[in-house]
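Structure for this input, please:
(one chain, ligands or ions: 1)
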Amino acid sequence: MQSELLDSSYGKGNVKFLKVKKNPHNSKEQDVLEANVQVLLKGNFDVSYTKADNAPIVPTDTVKNTILIEAKTTNVWPIERFAAHLAKHFTEKYAHVSGIEVSIVQSKWTKYEVDGKIHPHSFKHEGPETRRTFLTYCRSNKKLTITSSIKDLTVLKSTGSMFYGYNVCDYTTLKPTKDRILSTDVDASWTYDPKQVTSLDQVLTQADKGLFDSTYDSARKVTLDLFALENSASVQATMYNMSHKILELVPEVGTVSYALPNKHYILFNLEWKGIKQNDELFYPSPDPNGLIKSTVGRKTQSKL
Ligand SMILES: O=c1[nH]c(=O)c2[nH]c(=O)[nH]c2[nH]1
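Residues are numbered from 1 along each chain as shown. The predicted model follows:
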């Protein structure tokens with residue numbers, strides 16, 4: 001039997017750091033960025049798998065050192081810039097590295113108010129919610145993809161959500177409702193249009209212009225605003241409306257995806273005690289959950 005290596009990549013995962021940024025005019029005015037970085041390299045490494053020849057391997061320990069040294073010596077805000085910087089570094093420094101995947105997960109630390117004023121260097125951790133980016137780059141065809149996301153933003157609305165008019169068959173037990181609880185852990189991601197963000201250098205320029213931060217802010221605001229304001233017909237309809245709005249607001253975004261668990265809250269039956277429920281006491285059901293996913297893009301106008 002003969003075999004061949006079809007695909008490979010390697011690198012370091014879970015490289016974690018917290019970077020402090022000090023205002024040069026006021027050293028007590030600071031910012032922090034806590035990140036978990038993964039870098040995987042692709043390229044001419046086949047002999048390390050097929051011939052036990054380690055010569056081409058840039059050790060994963062070196063990958064880790066690089067992430068930390070570059071985090072210290074360059075600007076890591078926003079994470080999209082740092083991802084592009086790492087992609088440039090690895091593909092320019094090592095001739096046999098032809099491609100890279102960079103993934104960065106940023107914890108959510110936000111400054112909080114003390115005596116009515118935002119404190120200059122004290123932060124509150126906002127729970128499991130993270131801001132993420134995933135960048136891939138291939139040197140030979142210059143193909144670049146950047147997908148950024150919000151993950152684990154948990155929301156709940158206690159009214160203003162409906163679900164009725166669905167397919168009914170002999171397996172259906174669900175009752176239609178015009179008033180239910182809606183809750184989910186938002187996983188929202190947006191991919192930048194490769195025709196608009198075309199190169200690693202352009203990522204650095206766009207980062208300086210604020211594109212990545214403003215897109216993140218828009219996506220988060222649209223998600224929270226529409227979740228609250230819309231009388232939801234379904235998770236499907238609400239996530240489509242959110243995606244549409246983000247595409248409308250940010251021309252540089254090509255597609256928007258959501259993956260939303262529908263976290264069920266089930267009304268307790270208290271009739272055994274003669275108590276009629278008024279949709280007030282629910283059981284937070286840990287499983288199973290609905291899971292609704294979609295990707296929305298721009299409709300290309302027909303050139304008739
Ligand atoms: O918004 C919803 N979408 C569904 O597809 C679905 N299915 C279900 O049982 N409840 C819901 N709710």
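
C-alpha from now on. contacts and neighbour counts both.
OK.

Look up the residues forming beta bridges with Val155.
Per DSSP bridges, the residues bridged to Val155 are Thr184.

So is the biggest helix by length in the chain next to the ligand?
Ranked by residue count and defined by DSSP state H, the top helix of the chain is helix 211-229. No: Helix 211-229 lies out of reach of the ligand by Cα under 6 Å from any ligand atom, never closer than 12.3 Å.

so where do the helices sit in this structure?
Under DSSP H, the chain gives helices at 46-50, 60-73, 79-93, 200-209, 211-229, 235-249.

distance between the fourth one and the chain's centre?
Averaging C-alpha coordinates over helix 200-209 and over its chain gives two centres that are 19 Å apart (Cα atoms, centre = their mean, to the nearest Å).

Show me what it packs onto, helices and strands only.
Packing contacts for helix 200-209, counted by 3 or more Cα pairs under 8 Å, 6 or more residues apart in numbering; DSSP states H and E, involve helix 79-93.

Can you point out the buried residues in the helix it packs on?
Residues of helix 79-93 classed as buried by neighbour count (16 or more other Cα atoms under 10 Å): 79-88, 90-91.

Tell me which residues are up against it.
With Cα atoms under 8 Å, 6 or more residues apart in numbering as the test, helix 79-93 has contacts from 67, 70-71, 75-76, 97-104, 106, 132-135, 137, 139, 146, 148, 200-201, 203-204, 207, 212.

ok, and the closest non-adjacent residue to whichever residue of the stretch 1-150 of the chain sits closest to the ligand?
Across the stretch 1-150 of the chain, the shortest distance to the ligand (Cα to the nearest ligand atom) belongs to Ile150, at 20.5 Å. Nearest non-adjacent residue to Ile150, counting by Cα to Cα, 6 or more residues apart in numbering: Arg131, 4.8 Å away.

So what sits opposite the one you found in the bridge?
Gln106, Ile150.

So what's the residue count around it?
Arg131: 21 surrounding residues under other Cα atoms under 10 Å.

so what pLDDT did it get?
Per-residue confidence (pLDDT) for Arg131: 98.

Next: Lys303.
For Lys303, the predicted pLDDT is 64.

Then Gln277?
91.

now do the one 10 residues further on
As predicted, Asp287 sits at a pLDDT of 96.

quick revisit: need the winner for burial among the helices of the chain.
helix 79-93 (a mean of 21; mean count of other Cα atoms under 10 Å).

picking that back up, surely the residue of the stretch 1-150 of the chain closest to the ligand is in contact with Ser189?
Yes: at 6.4 Å, Ile150 counts as touching Ser189 under the criterion of Cα atoms under 8 Å.

What residues does the chain have near the ligand?
163, 234-236.

can you pull up the bridge partners for Thr177?
Assigned bridge partners for Thr177, using DSSP bridges, are Phe163.

no, scratch that, I was asking about Ala35
Applying DSSP bridges to Ala35 gives these bridge partners: Phe17, Gln106.

Run a quick neighbour tally on it.
Using other Cα under 10 Å, Ala35 is surrounded by 24 other residues.

Roughly how far does it sit from Arg81?
13 Å (Cα to Cα, to the nearest Å).

next one: Ile181
Taking Cα to Cα, one finds Ile181 at 39 Å from Arg81.

So the protein: which segments form each domain?
Here the domain parsing of the chain from the TED database is 7-141, 151-299.

Report how far apart the opening and closing residues of the longest one are.
In this case it means domain 151-299. OK, domain 151-299 end separation, Cα to Cα: 26 Å.

Could you do the first one as well?
End-to-end distance for domain 7-141, by Cα to Cα: 17 Å.

Pull the residues that contact stretch 249-263.
Contacts to stretch 249-263, defined as Cα under 8 Å, 6+ apart, come from residues 182-194, 196-197, 215, 218, 235, 239, 243, 246-247, 284-287, 289-298.

go on, stretch 221-231?
157, 160-162, 238, 241-242, 245-246.

Farthest pair within the residues you listed?
With Cα to Cα as the measure, no two of the contacts of stretch 221-231 lie farther apart than Met162 and Ile246, at 23.2 Å.
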